[in-house]
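> Just to be clear, the model below is a prediction. Sequence and coordinates:
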Amino acid sequence: MYKDKVILKKISRIRKRKRIRKKICGVSDRPRVHIFRSNRYIYTQVIDDEKGHILMSASTLEKEFRGKNKNYKNKEASKVLGEILAQRLKKKKINKIIFDRGVYPYHGRIKIFAEAMRKEGLTF
């Protein structure tokens, strides 16, 4: 019985991901920023879907992040990570993005990450 619940949860996540990805597509002018949230860390990628390339990535495991914040999974960590990624995008002269929240609802760590990127000047 427990195994069935786990399988159903995986299937529903896959369906959600497919439903969201039908609507969202990143291009070279406006790449897609995908966020993955685990229990410990947060990982982000900037993706150009036309070419199928990952332009850049950031996570809470990097040395640059560890210098600014000690915790890896709280709201403050997602705020710092959003600022770091936004600064990297600014260096590559990317000001407009498409935000892909994945299967996660837009609240908590995901919302704070997005708001930190908006504060740095990115539009989406």
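Received it, and whenever you're ready, just let me know what you need.

> Run the chain-centre distance for stretch 70-88.
Relative to its chain's centre, stretch 70-88 lies at 11 Å (CA atoms, centre = their mean, to the nearest Å).

> and it, what's its mean pLDDT?
Across stretch 70-88, pLDDT averages out at 93.

> Pull the residues that contact stretch 109-117.
33, 35, 37, 42, 44, 73-75, 77-83, 85-86, 97, 99, 101, 104, 106, 124 (CB atoms under 8 Å, 6 or more residues apart in numbering). In this view, the C-beta of every residue, glycine as well, is placed from N, C-alpha and C.

> Need the CA coordinates for it. PDB is fine.
Written as PDB, here are the backbone C-alpha positions of stretch 109-117 (Å, rounded to 0.1, in the frame of the first residue of the first chain):
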ATOM      1  CA  ARG A 109      11.400  29.600  -0.800                       C
ATOM      2  CA  ILE A 110      10.400  29.600  -4.400                       C
ATOM      3  CA  LYS A 111       8.600  33.000  -4.100                       C
ATOM      4  CA  ILE A 112      11.500  34.600  -2.200                       C
ATOM      5  CA  PHE A 113      13.900  33.400  -4.800                       C
ATOM      6  CA  ALA A 114      11.800  35.000  -7.600                       C
ATOM      7  CA  GLU A 115      11.400  38.200  -5.700                       C
ATOM      8  CA  ALA A 116      15.200  38.500  -5.100                       C
ATOM      9  CA  MET A 117      15.700  38.100  -8.800                       C
END
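
> Grab the most central residue of this structure for me.
By CA atoms, centre = their mean, the chain has its centre lying nearest to I35, at 2.0 Å.
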